[in-house]
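Trainee: Here is a sequence with its predicted model. Questions after.
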Amino acid sequence: MAKKVIGNLKLRIPAGRATAGPPVGSTLGQWGLNMMDFINPFNDATKDLQGKDVIVHLAVYDDRSFTWKSLGRPVDDLIREKIGIKKGSGKPHTEKVGKITRAQLEEIYEEKKDTLNAIDVDGGVKVIAGTARSMGVEVEG
């Protein structure tokens, strides 16, 4: 018989730096999960991305076991890094903070293609361009 999923958690954690403190410890603790069963494998798996945030999805089962999957770096972080800005605009439709080219969008797509909800390059680029626009970044081309 399959285990029943009682929770789906999404966390944004610094790669290689998960600890028993917040946000990991407090989130896993309220579900009654053994933190070290997540922390050690996560830190080992993400040590090459040291210092950058990583998105993690956890599925919590009724027997207090769990599975997790790392989705890599968030698209907004990749966009900010590509065009060299610290943060997006507070008023994205009126105040623009930078410009991004189609080539840069395609580079981000290549990194995120396994986790994006897109069939091909054009669809993936459109998804990433939408994120860029919502941050106040102009999309060229």
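Mentor: Nice, thanks for sending it over. Residues are numbered from 1 along each chain as shown.
Trainee: Poorly predicted segments of this structure, please.
Mentor: Across the chain, residues meeting the criterion (pLDDT under 70) sit at 1.
Trainee: mind giving me the domain split of it?
Mentor: 5-72, 75-139 (automatic domain parsing).
Trainee: Now render those as JSON lines, adding mean neighbour count.
Mentor: All C-beta atoms are positioned from the backbone trio N, CA, C, and that covers glycine. JSON lines is the format used below for these (neighbours: other Cβ atoms under 10 Å):
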{"stretch": "domain 5-72", "mean neighbour count": "15"}
{"stretch": "domain 75-139", "mean neighbour count": "15"}
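Trainee: Helices of the protein, start to end?
Mentor: Ranges of helices in the chain, per DSSP state H, are 24-30, 36-45, 75-83, 102-112, 121-134.
Trainee: and residue 141, which of these is closest to it?
Mentor: With Cβ to Cβ, the closest approach to residue 141 among the helices of the chain belongs to helix 102-112: 4.0 Å.
Trainee: what is the orientation angle of that closest one with helix 75-83?
Mentor: Going by axes from the mean of the first three to the mean of the last three Cα atoms, to 10 degrees, helix 102-112 is angled at 140 degrees with respect to helix 75-83.
Trainee: Format the CA atom coordinates belonging to helix 102-112 as CSV.
Mentor: Output of helix 102-112 as CSV, limited to C-alpha atoms (Å, rounded to 0.1, in the frame of the first residue of the first chain):
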residue,chain,number,x,y,z
ARG,A,102,17.0,36.7,-25.5
ALA,A,103,20.4,35.1,-25.4
GLN,A,104,20.6,35.6,-21.6
LEU,A,105,17.1,34.2,-21.2
GLU,A,106,18.1,31.1,-23.2
GLU,A,107,21.1,30.6,-20.9
ILE,A,108,18.9,30.7,-17.9
TYR,A,109,16.5,28.3,-19.7
GLU,A,110,19.3,25.8,-20.2
GLU,A,111,20.0,25.8,-16.4
LYS,A,112,16.3,25.5,-15.5
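Trainee: ok and that helix relative to helix 121-134, angle-wise?
Mentor: Using the same axes, to 10 degrees: helix 102-112 against helix 121-134 is 110 degrees.
Trainee: Packing partners of helix 102-112?
Mentor: On a contact count with 3 or more Cβ pairs under 8 Å, 6 or more residues apart in numbering; DSSP states H and E, helix 102-112 meets helix 75-83, helix 121-134.
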